[in-house]
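>>> One predicted model, sequence on top.
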Amino acid sequence: MNQQLNIPAGYLKDNLGRLVPIENVEAIDLERHELVLALVTKAKELQQDMLKFKLDAFGDVAAMVDLSLEQYGVKVGGKKGNVSLTSFDGKYKVQRSIAEHITFDERLLAAKALIDQCIHRWTENSGTEIKALVEQAFQVDKQGNLSTTRILGLRRIKIDDKDWIKAMEAIADSIQITGSKSYIRLYERCGDTDQFKPVSLDLAAL
């Protein structure tokens, strides 16, 4: 099975790029070579089938959402967000999820400065716990990235302080949506329970 068109008939190319006559290749090496090429060819065909399924699934779900909206005379432009579709018998479920990638612009620096002002005032007498929480929120990982979850978590802390409130507004203003990724997930109900198990399309999970 020779898939490389630039290799003369009767030859194989080794891992150093040298042409080797097939009659000089050990039988077991040739069998292994043929097996690997056959499996990779099947995998690439499966990969294309999965890609087609993914595109078809997104299109079908979007069409279903549009059909439902039309019943109420409503049209929604752009991405229509997360949605869950369930079969009539309740046995299967399809979920479309859209995860947004969030970063922060330079206004986050203003938020941090305002928070530091708050902590400086509060820790004159007490408040070391909130200081540790804030320092943890603004820590970066090995790649130098901030944790959006921790920073956004600060906004859930309700503190009646004008600098804190202003800092939370600065965090909100600094949020930038830099992209999104869409997912299709399929689930099957576990017997008569209310639990669902994923229909895995991951080879390693099968």
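Now that the structure is in, tell me what you want to look at.

>>> tally of neighbours for residue 151?
Residue 151 has 20 neighbouring residues, counting by other CB atoms under 10 Å. Every C-beta, even on glycine, is put in place using the N, C-alpha and C of the backbone.

>>> Report the distance from the helix or strand of the chain with the lowest mean pLDDT to the chain centre.
Within the chain, judged by mean pLDDT, DSSP states H and E, the helix or strand with the poorest mean is helix 128-137; its value is a mean of 75. Between the mean C-alpha location of helix 128-137 and the chain-wide mean there is a distance of 29 Å, by CA atoms, centre = their mean, to the nearest Å.

>>> Am I right that residue 177 falls within a helix?
No - Residue 177 sits outside any helix when classified using DSSP: H, G, I helix; E, B strand; the rest coil, being strand.

>>> The nearest residue to it once chain neighbours are set aside: which element?
Leaving aside its chain neighbours, residue 177 sits nearest to residue 100 (5.2 Å; criterion: CB to CB, 6 or more residues apart in numbering). For residue 100, the host element (DSSP states H and E) is strand 92-104.

>>> May I have the strands that pair with that strand, each with its orientation?
strand 83-86 (antiparallel), strand 175-189 (antiparallel) (DSSP bridges).

>>> wait, which of those strands is closest to residue 130?
In terms of CB to CB, the element of these nearest to residue 130 is strand 175-189, at 21.9 Å.

>>> hey, what's the residue nearest the centre of the chain bridged with?
In the chain, the C-alpha nearest the mean C-alpha coordinate belongs to residue 181, at 5.8 Å (CA atoms, centre = their mean). Residue 181 has the following beta-bridge partners by DSSP bridges: residue 99.

>>> For it, which residues are in contact?
For residue 181, the residues meeting the contact criterion (CB atoms under 8 Å, 6 or more residues apart in numbering) are 98-99, 101.
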